[in-house]
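>>> I'll drop the sequence and a predicted model, then ask my questions.
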Amino acid sequence: MSLFSQPAWQRFDRSTSGKIGLILTVALVFSALLAPLLHSYDAAVDRDYLLRLAAPSAKHWFGTDGLGRDLLVRVWHGLGISLLVSVVSVSAGLFLGAVLGLFAGYFRGPAAVAICTLADILLAFPSILLAIAVVTVTGPSLQSVIIAVSAVQIPIYIRLTRSMVLSLREQEFVLAVKALGASDLRIIFRHILPGSLAPLVVQATLSIGTATLEAAGLGFLGLGAQPPAPELGTMLSDAFKGGYALSSPWTILFPGLLITLTVLGFNLLGDGLRDVLDPREN
């Protein structure tokens, strides 16, 4: 079933988890896009030592951190960084993994074996360890986090796309267009790829949640966006390293809450899309 067909949207409308996830993700993305438009933020000067660890109040709704920085402002702008890293990383992983998976599934030979072997090797490592290894080589930075999280995503899409290609390449409609003289590239991109889009869309939506966690984990370990950039994982790390996570719980509550809502929103949206696009449910 096509994602853009009327029956698909009717099924999605009956999915409570999908609608909750859609509302959450739209609200988070809209908020992140508005942040730089409504508030010009300079992390280097955003501090007031006289207001260190101030509790949430009418002036500072989320309180302040150990340097007297307004947590609402930092969390608001940090959300944009987290979503940027997640969306770019998943998009890059999806593109590279899908292209490699298409060719590994359609063609036979040493190149296909090498692609599958590479995917198996990468999948043998826990995702966070693989991401740490990549950042260790490239150096801690926002760009390194994007590269690391993308590298974690690539083998997932290689395997998923290859499995879809293997199930479609012997279908009658593919054999028919091949008999009519269609080239391999035309068959791959005009006939096989469209039939593989549904599971890829679902996996990409779910992957944004996991990518958010991985990026926050790298930030917590000091391998992500470097201070004073307002990154959610780094905020959690600062609170624990400063020793005021328990005495000033708002310093971990609000960054952690934004990470949780982001992961929850995309996971619920992915579940809703899976209910709509799963052929066994149609």
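It's in.

>>> show me what contacts F240?
Counting by CB atoms under 8 Å, 6 or more residues apart in numbering, F240 makes contact with I252. Every C-beta, even on glycine, is put in place using the N, C-alpha and C of the backbone.

>>> Could you do Y49 as well?
L67, G68 are the contacts of Y49 under CB under 8 Å, 6+ apart.

>>> what separates it from A119, distance-wise?
51 Å (CB to CB, to the nearest Å).

>>> can you check L67 too?
From L67 to A119 the distance is 44 Å (CB to CB).

>>> So for the two, which residue has more residues nearby?
A119 (21 against 16; other CB atoms under 10 Å).

>>> which of the residues in the longest helix along the chain are buried?
Secondary structure of the chain per DSSP state H: the longest helix is helix 71-106. By neighbour count on 16 or more other CB atoms under 10 Å, the buried set for helix 71-106 is 71, 73-83, 85-90, 92-94, 96-106.

>>> can you tell me the average pLDDT over that helix?
What helix 71-106 shows for mean pLDDT is 92.

>>> next SSE after it?
Of the helices and strands lying after helix 71-106 in sequence (DSSP states H and E), the nearest is helix 110-123.

>>> now that following helix against helix 71-106, angle please.
Angle of helix 110-123 versus helix 71-106, following axes from the mean of the first three to the mean of the last three CA atoms, to 10 degrees, is 150 degrees.

>>> Going C-terminal from helix 110-123, what's the next secondary structure element?
helix 127-138.

>>> how about that following helix as PDB, C-alpha atoms only?
The C-alpha atoms that make up helix 127-138 are tabulated as PDB, following Å, rounded to 0.1, in the frame of the first residue of the first chain:
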ATOM      1  CA  SER A 127      26.400   0.300  17.700                       C
ATOM      2  CA  ILE A 128      27.700   2.700  20.400                       C
ATOM      3  CA  LEU A 129      31.100   1.000  20.400                       C
ATOM      4  CA  LEU A 130      31.300   1.300  16.600                       C
ATOM      5  CA  ALA A 131      30.300   5.000  16.900                       C
ATOM      6  CA  ILE A 132      33.000   5.600  19.600                       C
ATOM      7  CA  ALA A 133      35.600   3.900  17.400                       C
ATOM      8  CA  VAL A 134      34.800   6.200  14.500                       C
ATOM      9  CA  VAL A 135      34.800   9.400  16.600                       C
ATOM     10  CA  THR A 136      38.100   8.300  18.200                       C
ATOM     11  CA  VAL A 137      39.600   8.200  14.700                       C
ATOM     12  CA  THR A 138      38.100  11.400  13.400                       C
END
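
>>> Quick check: which helices or strands does that helix pack against?
Judged by 3 or more CB pairs under 8 Å, 6 or more residues apart in numbering; DSSP states H and E, helix 127-138 is in contact with helix 142-168, helix 193-220.

>>> can the ones you listed go into a markdown table with extra columns for distance to L273, mean pLDDT and mean neighbour count?
Converted to a markdown table, those look like this (distance: least, CB to CB, whole Å; pLDDT from 0 to 100; neighbours: other CB atoms under 10 Å):
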| stretch | distance to L273 | mean pLDDT | mean neighbour count |
| --- | --- | --- | --- |
| helix 142-168 | 15 | 91 | 22 |
| helix 193-220 | 5 | 89 | 22 |
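
>>> With distance to F125 added, can I get those in a markdown table?
What follows is the helices and strands packed on helix 127-138, written out as a markdown table (distance: least, CB to CB, whole Å):
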| stretch | distance to F125 |
| --- | --- |
| helix 142-168 | 9 |
| helix 193-220 | 13 |
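
>>> what's the closest non-adjacent residue to C116?
A104 (5.6 Å; CB to CB, 6 or more residues apart in numbering).

>>> Contacts only, for the one you found.
A104 touches A111, A112, I115, C116, I158, R162, V165, counting by CB under 8 Å, 6+ apart.

>>> Now for the residue nearest the centre of the chain: which residues touch it?
Relative to the mean C-alpha position of the chain, the nearest C-alpha, by CA atoms, centre = their mean, is the one of I208, at 2.1 Å. Shown in contact with I208 (CB under 8 Å, 6+ apart): S86, V87, V90, F266.

>>> go with 6 Å
Residues counted as contacts of I208 (CB atoms under 6 Å, 6 or more residues apart in numbering) are S86, V90, F266.

>>> Is it correct that the second one is in contact with A211?
If I follow you right, that is V90. Yes. Contact between V90 and A211 holds when scored by CB atoms under 6 Å: they sit 5.3 Å apart.
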